[in-house]
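Q: Pasting the sequence and the predicted model now:
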Amino acid sequence: MGAREDEYDYLFKVVLIGDSGVGKSNLLSRFTRNEFNLESKSTIGVEFATRSIEVDGKTIKAQIWDTAGQERYRAITSAYYRGAVGALLVYDIAKHLTYENVERWLRELRDHADQNIVIMLVGNKSDLRHLRSVPTDEAKLFAERNGLSFIETSALDSTNVETAFQNILTEIYRIVSQKQIRDPPEGDVIRPSNVEPIDVKPTVTADVRKQCCQ
Amino acid sequence: MRATIEFEECLKDSPRFRQFISKEEADIEHLEQRLEKIIKLCNVAVDSGKEYVKNQSAFAMSLWDLQQHFLDNKNAHNALGKLIHCFQEMNKFHTILLDQANRTVLKNLNVFVKDDINQVKDYKGHFLKVSEGYDNALIKNAQAGKNRPQEVQEAANILSASKSCFQHTALDYVNYITLVQARKVPSILSTLLDYYQACVTYYHQGFDLCNDFDEFFKNISEDLNALRGDYQQLEKVMQNRHMSVNRYCDSNTNSASHNVEGYLFKKKSKGFKTWCRRWFYLSDNQLVYRKRSNEDSFSVMEEDLRICTVRPVSEGERRFCFEVISPTKSHTLQADSADMLSLWISALQHSIGAAIQHTSTHHSRPQSTNVPNALPAKRRIHWEEFLKIPGNAQCCDCRGSDPRWASINLGITLCIECSGVHRSLGVHYSKVRSLTLDAWETENVKVMMELGNEVVNRIYEARIGDDCELRKPTEQCEIGVREAWIKAKYVERRFVCGMPKPQDLLASETAEVLSIESGGAKENNEGDGDGDGGGGGSSGSGGVGLGGIGLLGKRATLSLGGTRKWTVKKLRRRRQQRPLPKTLSDDPSIYNSAKTGDELDDDDDDESINIPSMSLSISRDDLMVIGDDLALDSYETPGILGSDQESTEGESDAEQPEEVPFTQLDANLLLYKASVVHNLPVMCMAFALGADKHWKNAQDRQRSFLHQAVLSGSVMACEYLLLNGAAINAVDELGYSALHISTAKGHIAQVYLLLKHKAAYDLSSSDGKMALDIAVDQKNADIVTLLRLTRLNDEIGFNDEYNGEDETYKDVMKDFSNFAASQPRMLRQRNDSNTLESQRSSLTNSE
């Protein structure tokens, strides 16, 4: 509740997903409140936070859904992902299993989220250098192969947290603002070579609009 | 004829003999080599033949597979079958031939080589040995000295013996050679002849086989010619189609057909708002679309065209767009061309018009069967099932047939005219929905199932008899009569039954006699006065109670000096998949439990649906069970619409319904008690008697009706209270609201319900806890999600352009409503835990 926070040009819903204990909630609190809690509890259900950033002079409000990583703390709903335009898929660079499970999370995204959702693979806890069990190059390669962007962060020492969110929001902004998205690359989309994708030039409609808006 | 050796030459062991022998030996050697080569090659031929046969039969097997493909074409199936049969026969013949080759060529020649030739060879060794012995004897004989006659004699003996031996052996050897030479030709030739005959048989069999099938295949080839002709024609037609492509496009857009279907681009309402191409069509008054890919699933875009409008969209970048708008949503679609756009718009408008007309024309005609069929399946079930509830087949107010409307807070069905009057009363009196047009939520259905026209009229029309100044509406009556009646019935509550009262003047235990005293009426009026002044007072002077009290009085009997108490029992109409319980007398367990007034066990409860009300009232003289007269005889409860089964969860202990002295009986307490046991008919009666929606029970921790309903675990009791305006945010003396309690109980369905009715989620209890805190403490992910998401949704507001969250919120809520409606038990169990139990008990019991 409370006063409606500022004006914004775009509101993007971004979900944080990944195994339990990889640091999703701390990434969120670091980004939105610049806080970090070493002893944070498991997230129950879902938590929300928002923060606005500037991209190209536009105000972008990120509404971030921090979901429970633990199966038994996830709600029955599959609606978590509906309407999400971005996803930060987080793993712990010091726990290889959390990296192995990335595939499972990708599958879940594929099943429930918009096909155009921008996904960023985030290797968190980069401060734990001495405990690293997922090589950066390996994760980077995996991300490339799956068409994800990639970054390593540390919510503890703030490394790259800002950048991660900034990057994914910028990417989403580019896609949405430039309307680059054509129809989803699905089997039923027509892409014969002889048919031009429908891309209506605004000239005609602009005129029409002027006329009827008077 | 070849030369043979002279008999003498052999005996003489002459050089010619030796020459002959070596020549013959070479000849036999040569023959043997040739024969061995033949055997080897024949073996290879047979082996490759076997390989061929094997592959051939695999080929035939694959043809069988092909035949399965033509299961739908009988001719092809048949012809293929015959062909395959033919191939397999041929294959069989070939196998026989190979077998013959094996047996004749290989076996015979092998025998010839192994036996005959080897015999000669073996004998050659013997012959050489003997010859050598003879030579030695000759030498010895020659060496024997003249002066040693004994030696000479001995040598001569040996010589003559070995000479004789040699001569016999030589003869034998020559015999062998001669015999082999003589036998080789017939032997080889006969073998080959056998093989030839096998071949002849093979071809002969093949010929016969082909003869047998000849006619059949001739027919087939004739058919083939015909098919080829068809094919050529078809090819021409197909080519011509190309020419008609352009024509088709024109005709398609020009046609005035309203049965339109085809591809449209659809703009997503969420996320990236991308466009995707989907196949749209109209079906059953719905706008439906599906993907082009194979899956057979489809989505319904608009559930009911009757509530939709269509308009072209000129804003936005894309051309040829139009919008389908319904009260709750709007969808933007894009056609391929301007012509298609106008075609789609006119088709949709026509369909909308047709759909509306269809309903209205049929509406006046009772018992029409067409309309239900045009409705979506889910809603149709409700519509039909609702009318099975006693009294519901007629309008609750005018008794008109085939009612199509309902008042969801009263739990009754109405004709369209009366529903209009109900609307005019305002939603705090009556919330009207269409049985056929509106989508129904499960909770509302459950409420409807519990009540029904018969039950409600026993309450609201209990005293019509003595109020003659008003004319009862009929199906055909004018609107004024309806208005006056409905207002008197629900707003002024002039015909409502009186407050239940003890029948203290009646001593008889059977108490079947109608016997109402005027004193009862007075008490009754006082009872009414306790409420919020609802209007029983004016009619008090008459013979009150012919209806309501009479019924109650009939049931409730009081012993002369006994304590006078009342109670309310649970009443739930369950699915009646099981047969009804045996009659009361047959089942002592039910009888006993009824007699003691104990609440039945949960499991037994299922069996004891609608125990005839008499059974309960005869059990205790001093206890009146209010609402027994409202219990209907069992009727066939519609299968899918059982009332809420989760109600009894957590009430497994057979608790004694609380008995209250009659001195404390008023509408509020009645509603309070009825809420505990989620007895909707009694709750309805209490509301009719004027229960105060904001009342709290000072005797019981300042709890409200809603608190009680929530504690009872019943979704429908909550819904009924909320529909009838019960104070949703009322808190008890600990500051707990209904939301607090349902959260503490982990009852997701109730939390969902309260949030749907806009319960305040930010109330803090006396110990400073909000519902969310409780949910987090209990780690109940579903409730946490519900609460947080609702708050988020409120923060976002509804007027943003980018309010995708609004949609997400709806989606999530829909998920929960589905789960809550379909699997209440699962929801409960999922979250039940020991901590939960303890917390709940601390909430409900301890002070």
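A: Nice, thanks for sending it over.

Q: Only C-alpha atoms from now on, for both contacts and neighbour counts.
A: Will do.

Q: what's the next secondary structure element after the longest strand along chain B?
A: Criterion DSSP state E: the longest strand present in chain B is strand B:275-283. Once strand B:275-283 ends, the next helix or strand along the chain (criterion: DSSP states H and E) is strand B:286-290.

Q: and that following strand, C-alpha only, in CSV?
A: C-alpha atoms of strand B:286-290 as CSV (Å, rounded to 0.1, in the frame of the first residue of the first chain):
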residue,chain,number,x,y,z
GLN,B,286,-17.6,-18.9,-28.0
LEU,B,287,-14.6,-17.4,-29.7
VAL,B,288,-12.0,-20.1,-29.8
TYR,B,289,-8.5,-20.3,-31.1
ARG,B,290,-5.8,-22.9,-31.5
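
Q: Pairing partners for it, with directions?
A: Each strand that pairs with strand B:286-290, with its direction, by DSSP bridges: strand B:275-283 (antiparallel), strand B:299-302 (antiparallel).

Q: Just list what the next helix-or-strand element following the shortest one packs against, helices and strands only.
A: Going back to what we said before, that points to strand B:299-302. Following the chain from strand B:299-302 toward its C-terminal end, the next helix or strand by DSSP H and E is strand B:309-313. Helices and strands in packing contact with strand B:309-313 are listed as strand B:321-325, helix B:338-363; criterion 3 or more CA pairs under 8 Å, 6 or more residues apart in numbering or on different chains; DSSP states H and E.

Q: quick one: is the shortest one near chain A?
A: In this case it means strand B:321-325. No. Among the residues of strand B:321-325, none lie within reach of chain A under CA under 8 Å from any CA of the partner chain; the closest is 11.3 Å away.

Q: hang on, the earlier thing: can you redo the helices and strands packed on strand B:309-313 as JSON lines with mean neighbour count, mean pLDDT and distance to A:Met120?
A: Supplementary listing: the helices and strands packed on strand B:309-313 in JSON lines, determined by neighbours: other CA atoms under 10 Å in any protein chain shown; pLDDT from 0 to 100; distance: least, CA to CA, whole Å:
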{"stretch": "strand B:321-325", "mean neighbour count": "21", "mean pLDDT": "87", "distance to A:Met120": "34"}
{"stretch": "helix B:338-363", "mean neighbour count": "18", "mean pLDDT": "76", "distance to A:Met120": "40"}
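
Q: Present those as a markdown table; the columns should include distance to A:Tyr80.
A: A markdown table is the format used below for the helices and strands packed on strand B:309-313 (distance: least, CA to CA, whole Å):
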| stretch | distance to A:Tyr80 |
| --- | --- |
| strand B:321-325 | 26 |
| helix B:338-363 | 34 |
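
Q: tell me the angle the longest strand of chain B makes with helix B:338-363.
A: Here the directions of strand B:275-283 and helix B:338-363 differ by 30 degrees (axes from the mean of the first three to the mean of the last three CA atoms, to 10 degrees).

Q: how far does strand B:275-283 sit from the chain's center?
A: Here strand B:275-283 is found 25 Å from its chain centre; the criterion is CA atoms, centre = their mean, to the nearest Å.

Q: got it, and stretch B:193-204?
A: Taking the mean C-alpha point of stretch B:193-204 and that of its whole chain, the gap between them comes to 65 Å (CA atoms, centre = their mean).

Q: residues of that stretch that come out buried?
A: Within stretch B:193-204, the residues scored as buried using 16 or more other CA atoms under 10 Å in any protein chain shown are B:Asp194, B:Tyr195, B:Tyr196, B:Ala198, B:Cys199, B:Tyr202, B:Tyr203.

Q: Alpha carbons of it, in CSV - could you do that?
A: Taking Å, rounded to 0.1, in the frame of the first residue of the first chain, the C-alpha atoms of stretch B:193-204 are listed here in CSV:
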residue,chain,number,x,y,z
LEU,B,193,21.1,-84.9,-63.9
ASP,B,194,19.5,-85.0,-60.5
TYR,B,195,20.3,-81.4,-60.0
TYR,B,196,18.9,-80.6,-63.3
GLN,B,197,15.7,-82.3,-62.4
ALA,B,198,15.5,-80.4,-59.2
CYS,B,199,15.8,-77.2,-61.2
VAL,B,200,13.1,-78.4,-63.5
THR,B,201,10.8,-79.1,-60.5
TYR,B,202,11.6,-75.6,-59.2
TYR,B,203,10.6,-73.9,-62.4
HIS,B,204,7.7,-76.1,-62.8
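
Q: pLDDT of that stretch, averaged?
A: Model confidence over stretch B:193-204, given as mean pLDDT, is 90.

Q: Run through who's touching that stretch.
A: Judged by CA atoms under 8 Å, 6 or more residues apart in numbering or on different chains, the contacts made with stretch B:193-204 from elsewhere in the structure are B:Phe93, B:His94, B:Ile96, B:Leu97, B:Gln100, B:Ala101, B:Thr104, B:Val105.
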